[in-house]
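Colleague: just the structure for this:
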Amino acid sequence: MKYILAALLASNFVTAIPISISRRAVDPSLVPDLGFTKGLNPTGTGDCDGAIPGGPKIPCQCPPDRDVFIDALNQNVDAGFAVNNPTVKIDFPTDNSIRSQITRITASLITLQNLEGPGVGCPAVSTTLVAQQKALQEQLDSGNANPAPAPVVSSSSVPTPSSSAPAETSTSPSTVGEGIDPVVASLAPDLGFQSGLNPTGTGDCDGAIPGGPKIPCMCPPDQDTYLKSLSANVAAGQAVNNTSVRIDFPTDGSVQSQITRITAALTTLQNLRGPGVGCPAVSTTLLQQQQALQAELDNGSNVAQPSVPQSTTPSVATPTSSAVQSTETTSNPTSSVAALAPDLGFESGINPTGTGDCDGAVPGGPKIPCSCPPPRDEFIRQLEANVAAGVAVNNPTVRVSFPLDDSKESQRARIIASLITLQNLEGPGKGCPAVSTTLNSQLQALE
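Modeller: Residues are numbered from 1 along each chain as shown. Predicted coordinates for the structure are as follows:
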């Protein structure tokens, strides 16, 4: 009887072993250190200091305890994707190469940012993972001139357009969905970025410019939504949600036509849900692509600047040639600019969320940086500089016209100049969004 009992116990023990090791266990020594502890300097509203001194606040429960983090990472690695966001793949190599270390940090960031659901978790700034990843990437770049980097959550690469052929997306004309023009799909510029990176927990995520302004987490849209909207706009010859803005979408492979198609894409994105209501340019790499093409055009030929607007303005219509010709910017005195500059119609700092965002000028619309719009004096100073230069000084590919007469056409051109100024206050496409003002509404009223 003793032997039988012993045999049964041994049998039970042996058969239990495969069950306990059936899942892939991540070696804790390979799991990156989060580099920060939760609960520092609570504000009393659920926010605490993050890992970046003086940087954005984070939820006080972030980052999670290491045991909780490793358990979630184990589940994701075992599944091969984020179990709370199955569209996001997970890879966790076990060798000690720099590239594998970078990939393991990416897996850790994905795990953190999807702890409780798709895009619901702890932001990257609740850890030092992005800094660790950046240091490894620099090491990799310095040691290998042509590395094939693994995907990095905190940044994105800018696709380089080619002048020999139109920039194509991954959408094949034979596989396009309903409502998508196959020609538009084959020529539509790649947005170059994905939505939902490093959510703050307040609806904002990282944009396409590393360290740049935050963007709504739903931006940019998925490819089908983008292509359907772009197809509708191209068919109409205008932004269907902002009919004052013309759309042109040439189909040849010239550099100028590629620039024009990017302008159409930007206009589409920025008017996805209404006049000036959509996704900002900094949720994509379209501006960088456009600048690269413009530099190629300027260096390779004497072709004039494209006739379509190259700004990130959501509702910028191109002033007619007569308006442009009547405003040689060198003749515009700065006193006239101040006197004729449109009123921004809104003030900064309304209903701050505590994370740097405030209410915008559109009731119930998207949040805006609390520093927007700028003080009137600062706005006028930059507008005067742009008018004097004839271009946006922080984005020289964008022309600025500021006529002085009282015609509707001239009033429209002055509003456009103001929008361009606002949206390039700190650099190309970096400034205040149109929805931080009532300028779009003023523009529509002049129709």
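Colleague: report the buried residues of stretch 373-392.
Modeller: Neighbour-count burial for stretch 373-392 flags 373-374, 379-388, 390-392 (criterion: 16 or more other CB atoms under 10 Å). Heads up, the C-betas are built off the backbone N, CA and C, glycines and all.
Colleague: alpha carbons of that stretch, as PDB, please.
Modeller: The C-alpha trace of stretch 373-392 is given here as PDB (Å, rounded to 0.1, in the frame of the first residue of the first chain):
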ATOM      1  CA  PRO A 373      -3.100  81.400 -28.100                       C
ATOM      2  CA  PRO A 374      -0.100  83.600 -27.400                       C
ATOM      3  CA  PRO A 375      -0.400  87.200 -26.000                       C
ATOM      4  CA  ARG A 376      -1.400  89.700 -28.600                       C
ATOM      5  CA  ASP A 377       2.000  91.500 -28.400                       C
ATOM      6  CA  GLU A 378       3.900  88.200 -29.200                       C
ATOM      7  CA  PHE A 379       1.500  87.300 -32.000                       C
ATOM      8  CA  ILE A 380       1.900  90.800 -33.600                       C
ATOM      9  CA  ARG A 381       5.600  90.600 -33.300                       C
ATOM     10  CA  GLN A 382       5.800  87.300 -35.100                       C
ATOM     11  CA  LEU A 383       3.200  88.300 -37.700                       C
ATOM     12  CA  GLU A 384       5.200  91.500 -38.500                       C
ATOM     13  CA  ALA A 385       8.400  89.400 -38.900                       C
ATOM     14  CA  ASN A 386       6.600  87.000 -41.300                       C
ATOM     15  CA  VAL A 387       5.000  89.800 -43.300                       C
ATOM     16  CA  ALA A 388       8.400  91.600 -43.600                       C
ATOM     17  CA  ALA A 389      10.000  88.400 -44.800                       C
ATOM     18  CA  GLY A 390       7.200  87.300 -47.100                       C
ATOM     19  CA  VAL A 391       7.400  83.800 -45.600                       C
ATOM     20  CA  ALA A 392       6.900  82.200 -42.300                       C
END
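Colleague: can you list contacts of that stretch?
Modeller: 311, 329-330, 332, 334, 337-338, 341, 344, 346-348, 393, 396-402, 417-418, 420-422, 424-425, 432, 436-437 (CB atoms under 8 Å, 6 or more residues apart in numbering).
Colleague: and those, which are buried?
Modeller: 311, 329, 332, 337, 341, 344, 346, 348, 396-402, 417-418, 420-422, 424-425, 432, 436-437.
Colleague: take these and keep only those in helices.
Modeller: 337, 417-418, 420-422 (DSSP state H).
Colleague: so which of those comes closest to Leu129?
Modeller: Checking these against Leu129 by CB to CB gives Leu422 as the nearest, at 34.1 Å.
Colleague: so what pLDDT did the closest one get?
Modeller: Here, the pLDDT recorded for Leu422 equals 89.
Colleague: now swap in Ala167 and tell me
Modeller: 37.
Colleague: ranges for the strands of the chain?
Modeller: 47-48, 58-59, 81-82, 85-89, 204-205, 215-216, 238-239, 242-246, 357-358, 368-369, 391-392, 395-399 (DSSP state E).
Colleague: which of those sits closest to Arg66?
Modeller: Here strand 58-59 is closest among the strands of the chain (CB to CB), at 16.8 Å.
Colleague: give me the contacts around that closest one.
Modeller: 46-51, 122-123, 125-126, 200-201.
Colleague: for PyMOL, what selects the buried ones among those residues?
Modeller: The PyMOL selection below is limited to those of those classed as buried (16+ other CB under 10 Å):
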select buried, resi 47+48+49+50+51+122+123+125+126+200+201
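Colleague: determine which two of the contacts of strand 58-59 are furthest apart.
Modeller: That would be Gly46 and Ala51, which, of the contacts of strand 58-59, are the farthest apart (CB to CB) at 17.3 Å.
Colleague: tell me how far the spatially closest residue to Leu443 that is not a sequence neighbour lies from Gly429.
Modeller: Nearest non-adjacent residue to Leu443, counting by CB to CB, 6 or more residues apart in numbering: Ile415, 4.9 Å away. Per CB to CB, to the nearest Å, Ile415 is found 19 Å from Gly429.
Colleague: more neighbours: those two, which one.
Modeller: Gly429 (28 against 25; other CB atoms under 10 Å).
Colleague: would you map the helices across the stretch 201-350 of the chain?
Modeller: Counting by DSSP state H, counting those that start in this stretch, the stretch 201-350 of the chain has helices at residues 223-236, 255-270, 286-300, 321-325, 334-340.
Colleague: noted, bye for now.
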